[in-house]
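Colleague: Below are the sequence and a predicted model for it; my questions follow.
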Amino acid sequence: MENPQNGYPVQQYNGPVKRYCQTLDLRDNPELIAEYRKRHSKEHAWKEIIAGIREVGILEMEIYILGTRLFMIVETPLDFDWDSAMTRLSTLPRQAEWEDYMAEFQLVKEGLSSAEKWQLMERMFHLY
């Protein structure tokens, strides 16, 4: 089992990539959070959603959780255009259904796309 104290391995690519970071809050309900985690497990995540994420050009996506706060890291090729990809993603099969399926756990209005729910974060520090 993964352990935050051990860190998480990172995918290696043949060249540079760029990263987008987003946040979203869940409803403060332990049962709902447990179900949200379950629906994102390898066994329960919808295959069409994972295929759609790849189809729009996303190389890697990770979601971290602390209490009710989610933090998502998205890695893409350098020529990736966020707005175009999110527009395309929202039209893919079952994507709107997935967003509604997840909305009951999230502090968002029903019917929003992923790009409308997840808020892009500004990097304020890096150690390169």
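Modeller: Yes, it's here. Numbering: from 1, shown residues only.
Colleague: residue contacts, the one residue sitting closest to the centre of the chain?
Modeller: With distances taken as CA atoms, centre = their mean, residue 72 lies nearest the centre of the chain, 4.8 Å away. Neighbouring residues of residue 72 by CB atoms under 8 Å, 6 or more residues apart in numbering: 21-24, 61-64, 118. To be clear about C-beta, it is placed using only N, CA and C from the backbone, and glycine gets the same treatment.
Colleague: What ranges in this protein fall below the confidence cut-off?
Modeller: 1 (pLDDT under 70).
Colleague: hey, where'd the helices end up in it?
Modeller: Counting by DSSP state H, the chain has helices at residues 30-39, 47-55, 82-91, 95-103, 114-117.
Colleague: I'd like the ones you listed laid out as JSON lines, including mean neighbour count and distance to residue 10.
Modeller: As requested, those are exported to JSON lines (neighbours: other CB atoms under 10 Å; distance: least, CB to CB, whole Å):
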{"stretch": "helix 30-39", "mean neighbour count": "13", "distance to residue 10": "22"}
{"stretch": "helix 47-55", "mean neighbour count": "15", "distance to residue 10": "18"}
{"stretch": "helix 82-91", "mean neighbour count": "14", "distance to residue 10": "21"}
{"stretch": "helix 95-103", "mean neighbour count": "16", "distance to residue 10": "25"}
{"stretch": "helix 114-117", "mean neighbour count": "16", "distance to residue 10": "23"}
